[in-house]
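Colleague: Fold the following, please.
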Amino acid sequence: MRASLNLRESEEIARRCRRRIVSMVHRAGAGHPGGSLSAIDILVVLYGNVLNHRSDLPSWDDRDRFILSKGHASPAMYSILAEHGYINESDLEGFRTLGSVCQGHVDAKWTPGVDFSGGSLGMGLSFGLGVALAAKMEKSERKTWVMLGDGECQEGQIWEAAMASIHHDVQGLYVVLDRNRIQNDRFVEEQIRLGDLSKKWSSFGWRTFQTNGHDHGQLLDVFHEMVSNPHPAILIADTIKGKGVSFMENNPAFHGAPPDDEQLNIALEELL
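Modeller: Numbers count the residues shown, from 1 in each chain. Take a look at the predicted model:
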């Protein structure tokens, strides 16, 4: 069911999830902390106040669907699933180990609460479009949410799905773009300039919104406005890669690298 958190509770959960993220990646000696830390505030607000979901019944037909297209940000996903009881806190200790429910990329086969198996980037919106069309055919009021990365928007399949969503008059499809401006080992604008993303999505017929992706109050206000209209909408959330950990913030080196022992201690101290 849809939860309801006040601002203080929401921000405290985000701090707790950030500590989980850096601890998971450190323990595994691998993973993607930067994009997980930039996305976690968005996930906390979605799961805490927006999504209709049930941890006691992960396959509930009427649940809203959440698709983490940037599936390498799995530490963020696992931390919020643990927070809501889909998986156990002890499951996080198995991150990136053989047989664990917490694989390196999110996997719908192994992990309760995961609706999309991540891996290759650029596929999540196409999958979300199919999910939303299925809901339309079934006359279901469930909503479909997709989280994209900004580097991922260099993939042509994203724009094909954006165009097809309007052509098919899909309802209840909402995208959140984690605009942290860093991909893999370099800044997005050095790889391929994305230009004015708001104008680009608007030109495809999408309703567009933009806000601070770390301000829980602003996020909640925008999410409520998005769902007040069933027409496809996208929120471009301005975020900081590595948010909350000083030496990770805006640092491409921590896209896919774990902190060492000393760095972990510094990070956990900063996240108290």
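
Colleague: what stretches of this protein score poorly on pLDDT?
Modeller: Along the chain, segments meeting pLDDT under 70 span 1-3.

Colleague: Spatially central, which residue of it would that be?
Modeller: With distances taken as C-alpha atoms, centre = their mean, residue 147 lies nearest the centre of the chain, 4.6 Å away.

Colleague: beta partners of that one?
Modeller: Beta-bridge partners recorded for residue 147 (DSSP bridges): residue 68, residue 176.

Colleague: Going along the chain, name the strands of the stretch 51-200 of the chain.
Modeller: For the stretch 51-200 of the chain, the strands defined by DSSP state E, counting those that start in this stretch cover 65-68, 144-149, 173-179, 182-183, 186-187.

Colleague: the inter-axis angle of the longest one versus strand 144-149?
Modeller: In this case it means strand 173-179. Angle of strand 173-179 versus strand 144-149, following axes from the mean of the first three to the mean of the last three C-alpha atoms, to 10 degrees, is 20 degrees.

Colleague: that older thread, residues contacting the residue nearest to the centre of the chain?
Modeller: Residues near residue 147 by C-beta atoms under 8 Å, 6 or more residues apart in numbering: 39, 42-43, 66-70, 73, 124, 175-178. C-beta: built from backbone N, CA, C; applies to glycine.

Colleague: Nearest to residue 81 among those?
Modeller: Distance to residue 81, by C-beta to C-beta, is smallest for residue 43 among those, at 9.4 Å.

Colleague: Which secondary structure elements does the helix or strand that contains the closest one sit against?
Modeller: Taking DSSP states H and E as the criterion, residue 43 maps to helix 33-45. If contacts are counted by 3 or more C-beta pairs under 8 Å, 6 or more residues apart in numbering; DSSP states H and E, helix 33-45 sits against helix 7-28, helix 74-83, strand 144-149, strand 173-179, helix 216-227.

Colleague: To residue 164, which of the ones you listed lies closest?
Modeller: Nearest of these (C-beta to C-beta): strand 173-179, 10.6 Å.

Colleague: Just the C-alpha atoms of that closest one, please, in CSV.
Modeller: The C-alpha trace of strand 173-179 is given here as CSV (Å, rounded to 0.1, in the frame of the first residue of the first chain):
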residue,chain,number,x,y,z
LEU,A,173,3.9,6.2,-17.7
TYR,A,174,6.3,8.4,-15.7
VAL,A,175,10.0,8.8,-16.1
VAL,A,176,12.6,10.2,-13.6
LEU,A,177,15.9,11.2,-15.2
ASP,A,178,18.8,11.1,-12.7
ARG,A,179,20.7,14.1,-14.1
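
Colleague: distance between it and the chain's centre?
Modeller: 8 Å (C-alpha atoms, centre = their mean, to the nearest Å).

Colleague: Over to stretch 241-258?
Modeller: With C-alpha atoms, centre = their mean as the basis, stretch 241-258 stands 17 Å off its chain's centre.

Colleague: follow-up on the earlier one: quickly note the distance from the residue nearest to the centre of the chain to residue 42.
Modeller: Noted for residue 147: a distance of 7 Å to residue 42, by C-beta to C-beta, to the nearest Å.

Colleague: what touches both of those two?
Modeller: Common neighbours of residue 147 and residue 42 (criterion: C-beta under 8 Å, 6+ apart): 176, 178.

Colleague: hang on, the earlier thing: with distance to residue 109 added, can I get the helices and strands packed on helix 33-45 in CSV?
Modeller: Shown next, in CSV, are the helices and strands packed on helix 33-45 (distance: least, C-beta to C-beta, whole Å):
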stretch, distance to residue 109
helix 7-28, 20
helix 74-83, 14
strand 144-149, 19
strand 173-179, 24
helix 216-227, 29
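
Colleague: Many thanks, I have nothing further to ask.
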